[in-house]
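Trainee: Next comes the sequence, and after it the predicted model I'd like to discuss.
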Amino acid sequence: MSPTTLPAGPEHGHVTFLGAGPGDPGLLTLRAVEALSNADVLIAEHDVLDVIRTHARQGVSVVPTDPDSSLDTYPGKGAPQLAVVDGASTAAAFPSVRDAAHLVMEAAQGGRRVVRAVSGDPGLDAYAAEEMLACAAAGVPFEVVPGVAAAVGVPAYAGVPLRDAQGADVRFVDARTASDRCWTEVGASDGTVVVSTTLDSVAAAAGELVAAGRKPDTPLTVTVAGTTTRQRTWTATLGTIAQTLKQAKVLPSPEGGRPVIAVVGERSAAAQRDQLSWFESKPLFGWKVLVPRTKEQAASLSDQLRSYGAVPHEVPTIAVEPPRTPQQMERAVKGLVTGRYEWIAFTSVNAVKAVREKFEEYGLDARAFAGIKVAAVGEQTAKALIAFGVKPDLVPSGEQSAAGLLEDWPPYDPVFDPIDRVFLPRADIATETLVAGLIELGWEVDDVTAYRTVRASPPPAETREAIKGGGFDAVLFTSSSTVRNLVGIAGKPHNVTVIACIGPATAKTAEEHGLRVDVMAPEPSVHKLAEALADFGLRRRSAALEAGDPVTRPSERRPGARRRRSTT
């Protein structure tokens, strides 16, 4: 699509200077999310855009800035050039942070609602302050939405409280702009010093503090990628930090310019970090977990994995297509309207989607379910129905499966049930468990193919290589078909990858494909499966600590290492 200029709008625009926090998207404030949902234009650095973009509305214009750009101009200065990509607009060229001020004013004076997002808090960003003054001078209305400052949020995630019961003084220093006088003042203090610097400049900052009067044995913690699942923290002293980073093999490194937060002080709780490191101690911290389901299906599961510190990666193993002969589905949907059925039973989210799409094709909505009892095989299917505007009459009270649904399903009673027929829309490869059970209970069943499941296309080459090469720490198999399809489209997971299965049948299929099963859910539920994997990770971490070994992820094992069989 050819570039277009920022669209014109009402005479008076508005600018929101928004703090995106130190990196964890969960630290965005409610006010920030509200502002993002109403924005016409987002202007921010790439890392910040990754945090805020999911909260923006469809079609928002997105302008990434380059903090390292030394360019004084960019194409179309005064009329920023944008190109639409994936439903959102993205700048054709990256302006520098200083040039972003021109973009802010251009968009706001054109009547747009602009969100100017910065890392941390806008009050600590010098460029944001300049842009606020420019808005004030031009009469452009603006507001400030504070964010969690990195100098405060990162130590909290690293398990390093900045003050103790004695109320130690806390000083904040940006080593990149600190003057000699600043170093002298913090060096003369015995309070806690929070230093914002870069990985390859930590040792120099430590040297400045020692030269200013701090003792070389003063405790210090250094955290990189704070508040994200890439976070890593080292504990040392001012005198030993250079050697600590060298032994950790993080320096010298091409990534030495990465920002870090260092906390210095006798009372900064550095010595207690083993007890207070809540974030890096999560059971699956930093684990890359492969979830062979679509993003829609895996949403709640991925959220649960993130709560354990994992980094979920969704890979669809099946694709859903319409039935080859749609006439059967069409007759069944018409039968819903004409009163042919007493019940309709949904066995999957895809079944709900298939019926909903057919409804929309006929101009129907949830009101067509009036007078019909609705059953859902589990919680996720029930949620899909509720989103459609239908509250299920029956959801299994026990096992979330067809067998669990049958345990609660009432037998047909000709006195109380005017109609004896059940509409069962489902996949072409579904088992006969539910059909046979309903017939045994006295019901007539219209077993209708609502959709077909076919093997999905292979994932990108990079993902396939990670699967076969041990780049993933774990994979969750939620059915036998996910095992067969993943191996078919991407290859067999490496032997260091932890294999977690939802039940015995899935585990048997995995073993038939040469995989050793480490984890099995205590009951057939995707959330119980995630819990079981977290328990496995916690036990693995505890065993390493008890043995005095470093805590590593499965993918960090040395090549060729044999995996111990789990007793799970």
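Mentor: Now that the structure is in, tell me what you want to look at.
Trainee: ok, now how distant is Ser196 from Lys246?
Mentor: 22 Å (CB to CB, to the nearest Å). In this view, the C-beta of every residue, glycine as well, is placed from N, C-alpha and C.
Trainee: neighbour-wise, which of those two wins?
Mentor: Legend: neighbour count by other CB atoms under 10 Å for Ser196 and Lys246, higher for Ser196 (22 against 12).
Trainee: OK, contacts around the closest residue to the more buried one other than its chain neighbours?
Mentor: Distance criterion CB to CB, 6 or more residues apart in numbering; nearest residue to Ser196, sequence neighbours excluded, is Asp174 at 4.7 Å. Asp174 is in contact with Val195, Ser196, Thr197, counting by CB atoms under 8 Å, 6 or more residues apart in numbering.
Trainee: got the phi/psi numbers for Asp174?
Mentor: With angles defined as degrees, to the nearest 10, Asp174 sits at phi -100, psi 100.
Trainee: The one 3 residues further on now?
Mentor: Dihedral angles phi and psi of Thr177 (degrees, to the nearest 10) take the values phi -130, psi 0.
Trainee: Could you shift the numbering so residue one becomes 58, and keep it that way?
Mentor: Renumbered: residue one is now 58, and that last one reads Thr234.
Trainee: Can you get me a residue count around it?
Mentor: 9.
Trainee: Give me the secondary structure label for the residue of the chain most remote from its centre.
Mentor: When distances to the mean C-alpha position of the chain are computed (CA atoms, centre = their mean), the maximum falls on Val472, with 51.7 Å. Following DSSP: H, G, I helix; E, B strand; the rest coil, Val472 is assigned to coil.
Trainee: and the gap between it and Val544?
Mentor: 52 Å.
Trainee: I'd like to know which elements the helix ranked longest in the chain is packed against.
Mentor: Secondary structure of the chain per DSSP state H: the longest helix is helix 583-603. In terms of contacts (3 or more CB pairs under 8 Å, 6 or more residues apart in numbering; DSSP states H and E), helix 583-603 is packed against helix 352-364, strand 531-534, strand 555-558, strand 576-577.
Trainee: residues making contact with it?
Mentor: 338, 340-341, 344, 346, 357-358, 361-362, 365, 437, 531, 533, 535, 555, 557-559, 575-579, 607-609, 623, 625.
Trainee: Tell me which residues touch the nearest residue to Thr285 once chain neighbours are set aside, please.
Mentor: With sequence-adjacent residues excluded and distances taken as CB to CB, 6+ apart, Thr285 is closest to Gly80, at 4.4 Å. Gly80 makes contacts with Asp104, Val108, Ser176, Ala207, Ala282, Gly283, Thr284, Thr285, as judged by CB under 8 Å, 6+ apart.
Trainee: Repeat the analysis, applying 7 Å as the threshold.
Mentor: By CB atoms under 7 Å, 6 or more residues apart in numbering, Gly80 lies in contact with Val108, Ala282, Gly283, Thr284, Thr285.
Trainee: Secondary structure element for it, which one?
Mentor: Under DSSP states H and E, no helix or strand contains Gly80.
Trainee: Looking at it now. What's its pLDDT?
Mentor: Listed pLDDT for Gly80 reads 94.
Trainee: do you know how far the residue nearest to Asp104 when sequence neighbours are not counted is from His159?
Mentor: Nearest residue to Asp104, sequence neighbours excluded (CB to CB, 6+ apart): Ser176, at 6.8 Å. For Ser176, the distance to His159 equals 21 Å [CB to CB].
Trainee: In terms of neighbours, single out the busier of these two.
Mentor: Ser176 (22 against 17).
Trainee: And the more buried one, what's its pLDDT?
Mentor: For Ser176, pLDDT reads 94.
Trainee: Mind jotting down where the helices sit in the stretch 208-357 of the chain?
Mentor: Remark: helices assigned in the stretch 208-357 of the chain by DSSP state H, counting those that start in this stretch are 237-245, 259-268, 298-304, 330-333, 352-364.
Trainee: pLDDT below threshold where in the stretch 208-357 of the chain?
Mentor: 222, 224, 324-328, 351-355 (pLDDT under 70).
Trainee: Go again with 90.
Mentor: The model of the stretch 208-357 of the chain has pLDDT under 90 over residues 218-226, 233-237, 242-248, 305-315, 322-333, 350-357.
Trainee: How about stretch 302-319, which residues are buried there?
Mentor: For stretch 302-319, burial by neighbour count (16 or more other CB atoms under 10 Å) applies to Leu302, Val307, Leu308, Pro316, Val317, Ile318, Ala319.
Trainee: Without its sequence neighbours, what residue ends up closest to the third one?
Mentor: What it means is Leu308. Leu308 sits nearest to Leu302 (CB to CB, 6+ apart), 4.7 Å away.
Trainee: my guess is that neighbour contacts Pro309, does it?
Mentor: No - Leu302 is beyond contact range of Pro309, at 9.6 Å (criterion: CB atoms under 7 Å).
Trainee: Find the nearest non-adjacent residue to Ile375, please.
Mentor: Using CB to CB, 6+ apart, the closest residue to Ile375 is Thr510 (4.7 Å).
Trainee: Show me which positions of the helix or strand hosting the one you found end up buried.
Mentor: Secondary structure assigned from DSSP H and E places Thr510 in strand 501-512. By 16+ other CB under 10 Å, the buried positions in strand 501-512 come out as Val502, Asp503, Asp504, Val505, Thr506, Ala507, Tyr508, Arg509, Thr510.
Trainee: Let me have the residues you listed in a markdown table, extended by distance to Glu187 and pLDDT.
Mentor: Below are the buried residues of strand 501-512 laid out as a markdown table (distance: CB to CB, whole Å; pLDDT from 0 to 100):
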| residue | distance to Glu187 | pLDDT |
| --- | --- | --- |
| Val502 | 70 | 93 |
| Asp503 | 68 | 93 |
| Asp504 | 68 | 91 |
| Val505 | 64 | 92 |
| Thr506 | 63 | 90 |
| Ala507 | 58 | 91 |
| Tyr508 | 56 | 89 |
| Arg509 | 58 | 87 |
| Thr510 | 56 | 81 |
